[in-house]
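Student: Fold the following, please.
(4 chains, ligands or ions: 6)
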Amino acid sequence: MSASVKELEEEVPSVKKLINDPANVLADSLVGVAAAHPELRVDHTNRIIYRGEPTKAGKVAVISGGGSGHEPLHGGFVGLGMLDAAISGEVFTSPTPDQVQEATKVADGGAGVLHIVKNYTGDVMNFEMAAELADAEAGVKVETVVTNDDVAVEDSTWTAGRRGVGITVLLEKIAGAAAEEGRDLASVADLARRVNASGRSMGMALTSCTVPAAGKPTFDLPDDMMEMGVGIHGEPGRHRVPLAQASDIAQQLVEPILQDFDFTGAPAIVMLNGMGGSPLIELYLMYGEVAKILEKSGITIARNLVGNYITSLDMAGCSVTVLKADDEFLKLWDAPVNTAGLRWGV
Amino acid sequence: MSASVKELEEEVPSVKKLINDPANVLADSLVGVAAAHPELRVDHTNRIIYRGEPTKAGKVAVISGGGSGHEPLHGGFVGLGMLDAAISGEVFTSPTPDQVQEATKVADGGAGVLHIVKNYTGDVMNFEMAAELADAEAGVKVETVVTNDDVAVEDSTWTAGRRGVGITVLLEKIAGAAAEEGRDLASVADLARRVNASGRSMGMALTSCTVPAAGKPTFDLPDDMMEMGVGIHGEPGRHRVPLAQASDIAQQLVEPILQDFDFTGAPAIVMLNGMGGSPLIELYLMYGEVAKILEKSGITIARNLVGNYITSLDMAGCSVTVLKADDEFLKLWDAPVNTAGLRWGV
Amino acid sequence: MAGGTVSLPQLVDWLSRFSGLVTENRTYLTELDSAIGDADHGANMARGMTAVMEKIGATPVAAVDELFKSVGMTLVTSVGGASGPLYGTFFLRFGTTAGAVTELDGAALGAALRAGLDGVVARGKAEVGDKTMLDAMAPALDAFDAEVASGADATAASSAASSAAAMGRDATEPLVARKGRASYLGERSAGHLDPGAASTAYLFEALSEALA
Amino acid sequence: MAGGTVSLPQLVDWLSRFSGLVTENRTYLTELDSAIGDADHGANMARGMTAVMEKIGATPVAAVDELFKSVGMTLVTSVGGASGPLYGTFFLRFGTTAGAVTELDGAALGAALRAGLDGVVARGKAEVGDKTMLDAMAPALDAFDAEVASGADATAASSAASSAAAMGRDATEPLVARKGRASYLGERSAGHLDPGAASTAYLFEALSEALA
Ligand SMILES: Nc1ncnc2c1ncn2[C@@H]1O[C@H](COP(=O)(O)OP(=O)(O)O)[C@@H](O)[C@H]1O
Ligand SMILES: Nc1ncnc2c1ncn2[C@@H]1O[C@H](COP(=O)(O)OP(=O)(O)O)[C@@H](O)[C@H]1O
Ligand SMILES: [Mg+2]
Ligand SMILES: [Mg+2]
Ligand SMILES: [Mg+2]
Ligand SMILES: [Mg+2]
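Tutor: Residues are numbered from 1 along each chain as shown, chains lettered A, B, ... in the order given. Ligands and ions are numbered 1, 2, ... in the order given. This next block holds a predicted model:
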């Protein structure tokens, strides 16, 4: 017997969550999505959320997906001016190639499909296999953009590279608007890569999230500590540091972003994102602190988002995303969008 | 000396929140609101959020307010088609009469002002004093609607009556749309009272919220228990019951609502509201369960909202609001609204 | 106490001691409010009475009505919640009834306190037994009046009122709340002291100490 | 073991034991993944191998390639994450290399396992020392091949592979991760076992037990 074999532990149903069987969280939640959004179409077998209408012939389809637990990302961004489909994996587990392939085939309007993939080993591999399959089996042209905006992770050719986090939200909006305008696949993919290259994010956590199937917090955090540079899967951050005031936290989030990329000389789109467990009153407070620092650094904020957009279940904490925006980005940002999670102009 | 005198306890700054001084949470948060929403006007002295443009002459002003900690309520609902102003008190503490009076005077466009007040002793008294002052000092005509939709509280003429909770969100939308249409004060107030009379809510908590100034959870809840009939201020609920599955929780929320009021014979607007600390994946899951039960009871859901709309800081849990809707309510519901928290049609 | 009357500085001392008591015991008051309310009564009272002491310090007054109008308005405009209008109304009515004087004898003090209590009833529509601050205030006033009626001075009357208020506070424990936020708990509100009754007990404790 | 070869039922037994081990130890695997990952490796492997056993039970196969194509595809389509494509590719390549046979001798088993490992490398682009499942898989295969080269049968080779995999798993503890989710922790990833290396140690433990 292996030294590490543990007793078979009984599944305790007492995890404090609004769920039935922890194994069915995703499936059960999609039932609610379908009930709440008759304007969308939900494929429960493949866990795919589509727009109600099929992709217009000739329009590039923009699709994304990943593990669930980050809602409203991605399903909440399906609709006019943003995504054509979103594929959900299990909580914090990327979807499988067959799911992605199905969404790719169905969403394709003949002009090809853009895959927006957050840079995690699992996501990249599963989308890669799906793109290979979709091309081979259905002849669908796929371009992939991998987001990797998280400055908390040191980059190097020897590692898995940086995580894709907040920029994914902004990119889905901007690329979605470009596709809606009728641009071709190469141009939408190029735009998406430029958005990714111009954006940086940094996150922090006050508490851990709890994965339903695990039934307890992913990490323990003493009452007087916080995790800086945390991801969106309850991965512990790079540094555990003493709890600080909002103004200090803002400084610790913004500084590495500004050190990593030159944001001067153009307006910025800024997102102050909640991790899921922090109340809105705190997120606005944090946005105030972040805006102060950015403006002191000579950066003009042209647009902003404050709220829960790319979450980590019930984790308390927040992240900051800054996108250096040219006129094209701003115009596409302002274009109409009609999704459960973002809506304006319609 | 009194027997209950306790040692002066030092303010521990280690509460896990994105805040600076716990005494300044509201003021600091309003700085962020002002920075994030250039389309709004924030009076930091009186803690009032106004629309960017003054109330059109002849339009009834619809204003609301209450303790903070329930965001997006009320400030997130200021804008075209909904509120003209929102007044914030300290966390869970109603605003003072002078604040309300100031908002009333400023928001008045000559056609009078509707006060939307949630039924809590403090809110009712402070708004009452404000209305007296506004009428006496400035001659502003004020009508008040007090929401009291919480079926968790037994009603009687001997008590403070039922709390105002979720219906407040729906009422602010519908009354705001009616005011935007140009209806007069009496008609908007009458409509608002009809909305309140046709709606019922019930809430529950998995965990307590933590008031920043208190620095620790308002109530302790064992791992295997939940509070049924909880309010939005971390008041303990009416019953502490064993933790249950989402489908059971939905049953325990919907049953008392349906027992209290006859919802058959008309379509319903249903809100599945998050208390602030529960992730969206769980709220959608709960909505699916609630929708199932309502449909089984013969109720057709015509419109819905799923998300954090009237919260209790970082409390995990949810509430259900059902509004029996006639064609007038539905038409006004669908009218354009452009606020930070609700937006469509524009 | 000169000639059995209460002076303006003594009344200021009352407020100062009340401010001290609610500030020192803010955590305790908030804990009481956590059990059957929304965990803010200590913060509310401390914020309000700190504002009152600042206001009084900045703008000295010449008469009792002026003092308490300022106290009442400061509470009304700085506290919010239920306690703001209630304590605010208490002090506003107290001042109006006391009038433009510089000292109060026992009977005049009793009349002013009684007017304050009536203001609380008018504003909050609670009755004795509803598990509110009234349950400390009403017995305190009854004790005060009885002492004055039997010839005692303001000092002795205040001391009796303080004891009665403390007993009234303790007597709220078994009650089921019918007014205020605790009423939402129904039967579950029994077994806890009412936070407003506890702060009202401090109000009379402060009065008694100021006149001692 | 007839004639020193491994039969189809023994290979099914291997899978069944692997399924048992990851399911029994799902909490342990998830705990390892909590420390340096996202707390799902146990759930992922248990979900995948349960699906595999259901699939195998429902559709009996006649040859090794058929069996492992089915296993690989089931893992790819039911697991997701990093482990789904990696273990899926491992078994797909294993089957392709083993071919349409009904039994494998030690050398053939070694070649099939090696092809699986090459598939993991091709898919994940990790190297030994990156703190991944490779750090258990590579020494296991090296030990297997060395045993076969020195004339041992599949049973002995598998037993050696199992020990080497366990040692490789344990050796991941001090490493700083350079691939997978743990790499985001940088230096903080040191001091913890890699969850994928732990599940791979179960893979070889299961093989050794099935052939014992
Ligand atoms: N209608 C009322 N009449 C008298 N006192 C009341 C009434 N309602 C509430 N109170 C008192 O107010 C206290 C609560 O004050 P506080 O916590 O500051 O306000 P809130 O309940 O608005 O949070 C209660 O403990 C009770 O003594
Ligand atoms: N590039 C890679 N090559 C080989 N193995 C890898 C690679 N990336 C991750 N792994 C393995 O996968 C394991 C994690 O699997 P799992 O937790 O199921 O997936 P995820 O990381 O997507 O949540 C790691 O412990 C590691 O052994
Ligand atoms: Mg995962
Ligand atoms: Mg309060
Ligand atoms: Mg209170
Ligand atoms: Mg994992």
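
Student: Just the helices from chain C, written as ranges.
Tutor: Defined through DSSP state H, the helices belonging to chain C, from first to last, are C:8-24, C:26-36, C:41-58, C:64-78, C:83-98, C:106-124, C:134-149, C:154-171, C:195-211.

Student: Give me the contacts around the first one.
Tutor: What that stands for is helix C:8-24. The list of residues contacting helix C:8-24 from outside it, by C-beta atoms under 8 Å, 6 or more residues apart in numbering or on different chains, reads B:2, B:5-6, B:8, C:1, C:29, C:42, C:45-46, C:49-50, C:52-53, C:56, C:61, C:63-64, C:67-68, C:71, C:102-104, C:199, C:202-203, C:205-207, C:209-211. The C-beta positions use only the backbone N, C-alpha and C, and glycine is treated the same way.

Student: got a list of what A:Gly234 touches?
Tutor: A:92, A:205, A:208-209, A:211, A:217-219, A:312-313, A:315, D:34, D:38-39.

Student: Of those, which is the nearest to ligand 5?
Tutor: Each of the contacts of A:Gly234 was scored against ligand 5 by C-beta to the ion, and A:Met315 proved nearest at 29.4 Å.

Student: so that closest one touches A:Val211, yeah?
Tutor: No: counting by C-beta atoms under 8 Å, no contact exists between A:Met315 and A:Val211, whose distance comes to 10.6 Å.

Student: thinking again about what came up before, taking the contacts of A:Gly234, please make a PyMOL selection of just the buried ones.
Tutor: To isolate in PyMOL the members of the contacts of A:Gly234 that are buried, counting by 16 or more other C-beta atoms under 10 Å in any protein chain shown, one can use:
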select buried, (chain A and resi 92+205+208+209+211+217+218+219+312+313+315) or (chain D and resi 34+38+39)
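
Student: Same list (the contacts of A:Gly234) but as JSON lines, adding distance to ligand 4.
Tutor: As requested, the contacts of A:Gly234 are exported to JSON lines (distance: C-beta to the ion, whole Å):
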{"residue": "A:Phe92", "distance to ligand 4": "38"}
{"residue": "A:Ala205", "distance to ligand 4": "30"}
{"residue": "A:Ser208", "distance to ligand 4": "31"}
{"residue": "A:Cys209", "distance to ligand 4": "30"}
{"residue": "A:Val211", "distance to ligand 4": "35"}
{"residue": "A:Pro217", "distance to ligand 4": "31"}
{"residue": "A:Thr218", "distance to ligand 4": "35"}
{"residue": "A:Phe219", "distance to ligand 4": "34"}
{"residue": "A:Ser312", "distance to ligand 4": "31"}
{"residue": "A:Leu313", "distance to ligand 4": "30"}
{"residue": "A:Met315", "distance to ligand 4": "28"}
{"residue": "D:Ser34", "distance to ligand 4": "39"}
{"residue": "D:Asp38", "distance to ligand 4": "40"}
{"residue": "D:Ala39", "distance to ligand 4": "38"}
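
Student: Just the closest of the contacts of A:Gly234 to B:Ala197, please.
Tutor: Nearest to B:Ala197 out of the contacts of A:Gly234 is A:Leu313 (C-beta to C-beta; 38.0 Å).

Student: Wait, that closest one touches A:Gly69, no?
Tutor: Yes: contact status for A:Leu313 versus A:Gly69: in contact at 4.8 Å, counting by C-beta under 8 Å.

Student: Which parts of chain A are helices?
Tutor: With DSSP H, the ranges of helices along chain A come out as A:25-36, A:97-107, A:121-138, A:167-180, A:185-197, A:246-260, A:280-296, A:327-334.

Student: And ligand 3, is the third one touching that?
Tutor: No: if you take C-beta under 5 Å from the ion as the test, helix A:121-138 misses ligand 3, and the best it gets is 5.8 Å.

Student: give me the low-pLDDT residue ranges for chain C?
Tutor: Scanning chain C for pLDDT under 70 picks out the ranges C:1-3.

Student: Quick check: pLDDT value at A:Ala214.
Tutor: In the predicted model, A:Ala214 carries a pLDDT score of 87.

Student: Who are the contact partners of it?
Tutor: Applying C-beta under 8 Å, 6+ apart as the definition, the contact partners of A:Ala214 turn out to be D:Thr30, D:Ser34, D:Ala39, D:Asp40, D:Ala43.

Student: okay, the contacts of A:Gly234 in JSON lines with distance to B:Ser198 next?
Tutor: Compiled in JSON lines, the contacts of A:Gly234 are given as follows (distance: C-beta to C-beta, whole Å):
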{"residue": "A:Phe92", "distance to B:Ser198": "42"}
{"residue": "A:Ala205", "distance to B:Ser198": "42"}
{"residue": "A:Ser208", "distance to B:Ser198": "42"}
{"residue": "A:Cys209", "distance to B:Ser198": "38"}
{"residue": "A:Val211", "distance to B:Ser198": "40"}
{"residue": "A:Pro217", "distance to B:Ser198": "42"}
{"residue": "A:Thr218", "distance to B:Ser198": "44"}
{"residue": "A:Phe219", "distance to B:Ser198": "47"}
{"residue": "A:Ser312", "distance to B:Ser198": "38"}
{"residue": "A:Leu313", "distance to B:Ser198": "35"}
{"residue": "A:Met315", "distance to B:Ser198": "38"}
{"residue": "D:Ser34", "distance to B:Ser198": "48"}
{"residue": "D:Asp38", "distance to B:Ser198": "45"}
{"residue": "D:Ala39", "distance to B:Ser198": "45"}
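
Student: Could you list the residues of chain C in contact with ligand 5?
Tutor: Proximity of chain C to ligand 5 is confined to C:Asp33, C:Gly37, C:Asp38, C:Asp40, C:His41 under the rule C-beta under 5 Å from the ion.

Student: hang on, the earlier thing: closest one of the contacts of A:Ala214 to ligand 3?
Tutor: Distance to ligand 3, by C-beta to the ion, is smallest for D:Asp40 among those, at 4.3 Å.

Student: isn't the closest one right up against A:Gly89?
Tutor: No: assessed by C-beta under 8 Å, D:Asp40 is found out of contact with A:Gly89, at 9.8 Å.

Student: Mind checking which of these two has more residues around it?
Tutor: Remark: of D:Asp40 and A:Gly89, D:Asp40 carries more neighbours, 34 against 27, as counted by other C-beta atoms under 10 Å in any protein chain shown.

Student: From ligand 6, how far out is the more buried one?
Tutor: As for D:Asp40, its distance to ligand 6 is 4 Å (criterion: C-beta to the ion, to the nearest Å).

Student: In contact with that residue, which residues are there?
Tutor: In this structure, D:Asp40 makes contact with A:Glu90, A:Val91, A:Phe92, A:Thr93, A:Val211, A:Ala213, A:Ala214, D:Thr30, D:Asp33, D:Gly81, judged by C-beta under 8 Å, 6+ apart.

Student: got these as JSON lines, with distance to ligand 2 columns?
Tutor: Listed next are these as JSON lines, based on distance: C-beta to the nearest ligand atom, whole Å:
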{"residue": "A:Glu90", "distance to ligand 2": "10"}
{"residue": "A:Val91", "distance to ligand 2": "10"}
{"residue": "A:Phe92", "distance to ligand 2": "6"}
{"residue": "A:Thr93", "distance to ligand 2": "6"}
{"residue": "A:Val211", "distance to ligand 2": "10"}
{"residue": "A:Ala213", "distance to ligand 2": "12"}
{"residue": "A:Ala214", "distance to ligand 2": "11"}
{"residue": "D:Thr30", "distance to ligand 2": "9"}
{"residue": "D:Asp33", "distance to ligand 2": "5"}
{"residue": "D:Gly81", "distance to ligand 2": "3"}
